[in-house]
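**Q** What follows is a predicted structure for the sequence shown.
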Amino acid sequence: MKAVGYQQSQPITHPDALLDITLPEPVATGRDLLVEVKAVSVNPVDTKVRGSSSRSTPVEGQDYNVLGWDASGIVKAVGPEVTLFQPGDRVWYAGSIARPGTNAELHLVDERIVGHAPKSLDFAQAAALPLTAITAWEMLFDRLGLQPGKKPEGKTLLIIGASGGVGSIMTQLASRLTSLTVIGTASRPETHAWVKELGAHHVIDHSKPLAEELKAIGFPTVDYIVSLTQTDAHLAQIIEAIAPQGKFGLIDDPKALDVMPFKRKSVSIHWELMFTRSLFGTADMVGQHQLLNEVAALVDAGLVRTTLAERFGSINADNLKKAHALIESGKARGKVVLEGWA
């Protein structure tokens, strides 16, 4: 089968950073699905893993590392223990960081972290959503304790980095499924317009002091803050802006995080990593299957839209290099998707 991989971590400008390769076809066993991958999207985790010293050489028993943690496709075969899917089903998912990725024509994935793809989306539109939808849903409803349909009247949510992949879906989920006042951040006119279009009630500029930006639109403090990027740079402003007994969530990797300044306000801190369930085989691992089905229903009902922003052509090394470079530039808006195998 065709795939894209690498043998040693390299800058994305290096000719061997990503390579077109051929690998043996995998076989579904246990609770695995064998998925014929039709489209993939690129996330910051792809670029981080590619540049990580822990993935500088292939894992034992493999000649290449294969990235990719977002896919849509068709189930080609199922393992003997599979109960949730059958061959021919259209699926979407984000996979496991502990297994080979989705940048391959055929991919093995545990059925418990796979959902039925939205009927109203094509493969590229669907591939834009799984990883970010899981991250956003788990942060809002599992970590911060919000509940879809519940009404915390008068409460506010600040999403730092609202124009990116996770921010684009979190803005929609929060504005459609809760009564929170949603405030997103963006620093360019086009990203400001994007966040507003996705349902944010207010948009402020994260290149300026956040606390001052919030006060200027009438919010001296906010109840919930989610930081999706550059938490280190914004931490002092987050501490100032969050309300007493507020909740702070983050998904990025600050070099250091001094939590003591939050104590005076009794603020709780919540991490989200969507790979936790699959990494540890948690008892609620099937929750990702369930939430992906719920998001698919929201998409088909017209309440949530795909966050696909750019189609980068077919799935190959050259196009994936271009997508990685865009992600690394920090200028991506929404999601970058590749589809088909040329």
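**A** Happy to help now that I have it.

**Q** The helix or strand of the chain with the lowest mean pLDDT - which strands sit beside it in the sheet, and in what orientation?
**A** In the chain, the helix or strand scored least confidently by mean pLDDT, DSSP states H and E is strand 308-311, which has a mean of 90. With DSSP bridges as the test, strand 308-311 is paired with strand 335-339 (parallel).

**Q** Which residues does the strand it pairs with contact?
**A** For strand 335-339, the external contacting residues (C-beta atoms under 8 Å, 6 or more residues apart in numbering) are 38-43, 70, 123-125, 127-129, 132, 165, 168, 306-316, 319-320, 323, 326-327. Placement of C-beta: from N, CA and C, glycine included.

**Q** cool, and stretch 285-303?
**A** Counting by C-beta under 8 Å, 6+ apart, 84, 92-94, 110-121, 129-130, 133-134, 137-138, 142, 172, 176-177, 274, 277-278, 304-306 sit against stretch 285-303.

**Q** Please apply the same query to stretch 142-156.
**A** 140-141, 174, 177-183, 219, 222-224, 226, 247, 249, 270-272, 287.

**Q** Report the mean confidence score over that stretch.
**A** For stretch 142-156, mean pLDDT rounds to 86.

**Q** and the end-to-end length of it?
**A** 18 Å (C-alpha to C-alpha, to the nearest Å).

**Q** And it, what's buried?
**A** 143-144, 146, 155-156 (16 or more other C-beta atoms under 10 Å).

**Q** hang on, the earlier thing: buried members of the contacts of stretch 142-156 into PyMOL, please.
**A** Selection command for PyMOL covering only the buried members of the contacts of stretch 142-156, criterion 16+ other C-beta under 10 Å:
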select buried, resi 140+141+174+177+178+180+181+182+183+219+222+223+224+226+247+249+270+272+287
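
**Q** Just the ones of the contacts of stretch 142-156 in strands?
**A** Among the contacts of stretch 142-156, DSSP state E puts 181-183, 222-224, 226, 247, 249, 270-271 in strands.

**Q** Nearest to residue 200, out of the residues you listed: which one, please.
**A** Of all the ones in strands among the contacts of stretch 142-156, residue 200 sits closest to residue 182, with 5.0 Å by C-beta to C-beta.

**Q** gap between that closest one and residue 229?
**A** 17 Å (C-beta to C-beta, to the nearest Å).

**Q** now swap in residue 235 and tell me
**A** On the measure of C-beta to C-beta, residue 235 and residue 229 end up 12 Å apart.

**Q** ditto for residue 36
**A** Distance from residue 36 to residue 229, by C-beta to C-beta: 33 Å.

**Q** Would you mind listing the buried residues in the least confident helix or strand of the chain?
**A** Residues 308-310 are the ones in strand 308-311 that count as buried (16+ other C-beta under 10 Å).

**Q** Please enumerate residues in contact with it?
**A** Residues outside strand 308-311 that contact it (C-beta under 8 Å, 6+ apart): 41, 124-125, 127-128, 326, 332-339.

**Q** and if we set it to 7 Å?
**A** 124-125, 128, 333-337, 339 (C-beta atoms under 7 Å, 6 or more residues apart in numbering).

**Q** Show the average pLDDT along whichever helix or strand comes after that strand.
**A** As assigned by DSSP states H and E, the chain's next helix or strand after strand 308-311 is helix 317-329. What helix 317-329 shows for mean pLDDT is 95.

**Q** what angle sits between helix 317-329 and strand 335-339?
**A** 170 degrees (axes from the mean of the first three to the mean of the last three C-alpha atoms, to 10 degrees).

**Q** which helices and strands sit right next to helix 317-329?
**A** Packed against helix 317-329 by the contact rule (3 or more C-beta pairs under 7 Å, 6 or more residues apart in numbering; DSSP states H and E) you find strand 32-42, helix 44-50, strand 335-339.

**Q** got the CA coordinates for the least confident helix or strand of the chain in CSV?
**A** Provided in CSV are the C-alpha atoms of strand 308-311 (Å, rounded to 0.1, in the frame of the first residue of the first chain):
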residue,chain,number,x,y,z
LEU,A,308,-12.0,22.7,6.5
ALA,A,309,-10.2,25.8,5.2
GLU,A,310,-7.8,24.6,2.5
ARG,A,311,-7.6,21.5,0.3
